[in-house]
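Chemist: missing the sequence, but the structure's below:
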């Protein structure tokens with residue numbers, strides 16, 4: 001049986017329990033041309049009552065400044081990367 005490889009993130013930024021991950025994706029434009037584009041996912045990690053690590057995309061009020069920082073870092077990374085190209 002063939003093992004399917006999980007896509008690897010292009011870049012990951014962390015601030016405490018929060019992380020922002022940049023993914024590189026392949027797609028097609030409306031005219032059918034192949035293109036590469038980035039997406040960003042953000043999550044908070046925590047331990048549940050059994051002590052197992054879980055993740056969520058819901059944030060507490062105190063998480064919002066860190067989330068904003070991470071999104072700014074992701075934007076900066078992608079902007080500087082595209083200006084180098």
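Modeler: Received the coordinates, thanks. Predicted, not measured: the structure shown is a model, and the values here were computed from it.

Chemist: check contacts around the residue most central in space within the chain.
Modeler: Closest to where the C-alpha atoms of the chain average out (CA atoms, centre = their mean) is residue 21, at 2.1 Å. Applying CB atoms under 8 Å, 6 or more residues apart in numbering to residue 21 gives the contacts 9, 11-13, 40-43. For glycine as for every other residue, the C-beta is placed from the backbone atoms N, C-alpha and C.

Chemist: Recalculate using a threshold of 6 Å.
Modeler: Contacts for residue 21 (CB atoms under 6 Å, 6 or more residues apart in numbering) come out as 9, 12, 41.

Chemist: Out of these, which comes closest to residue 60?
Modeler: Closest approach between the contacts of residue 21 and residue 60, by CB to CB: residue 41, at 18.2 Å.

Chemist: Now do the same contact list for that closest one.
Modeler: Applying CB under 6 Å, 6+ apart to residue 41 gives the contacts residue 21.

Chemist: related to what we said a few turns ago, okay, and the beta partners of the residue nearest to the centre of the chain?
Modeler: Beta-bridge partners recorded for residue 21 (DSSP bridges): residue 12, residue 41.

Chemist: Then residue 35?
Modeler: Beta-bridge partners recorded for residue 35 (DSSP bridges): residue 27.

Chemist: Now do the helix or strand residue 65 falls within: which elements does it pack against?
Modeler: Using DSSP states H and E, residue 65 sits within helix 64-84. Applying 3 or more CB pairs under 6 Å, 6 or more residues apart in numbering; DSSP states H and E, one finds that helix 64-84 contacts strand 11-15, strand 18-28.

Chemist: any chance of the ones you listed in JSON lines, with distance to residue 35 and mean pLDDT too?
Modeler: Listed next are those as JSON lines, based on distance: least, CB to CB, whole Å; pLDDT from 0 to 100:
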{"stretch": "strand 11-15", "distance to residue 35": "19", "mean pLDDT": "97"}
{"stretch": "strand 18-28", "distance to residue 35": "6", "mean pLDDT": "95"}
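
Chemist: returning to that earlier point: do you know how far the residue nearest to the centre of the chain is from residue 73?
Modeler: To residue 73, residue 21 is 11 Å away according to CB to CB, to the nearest Å.

Chemist: How about residue 61?
Modeler: Distance from residue 61 to residue 73, by CB to CB: 21 Å.
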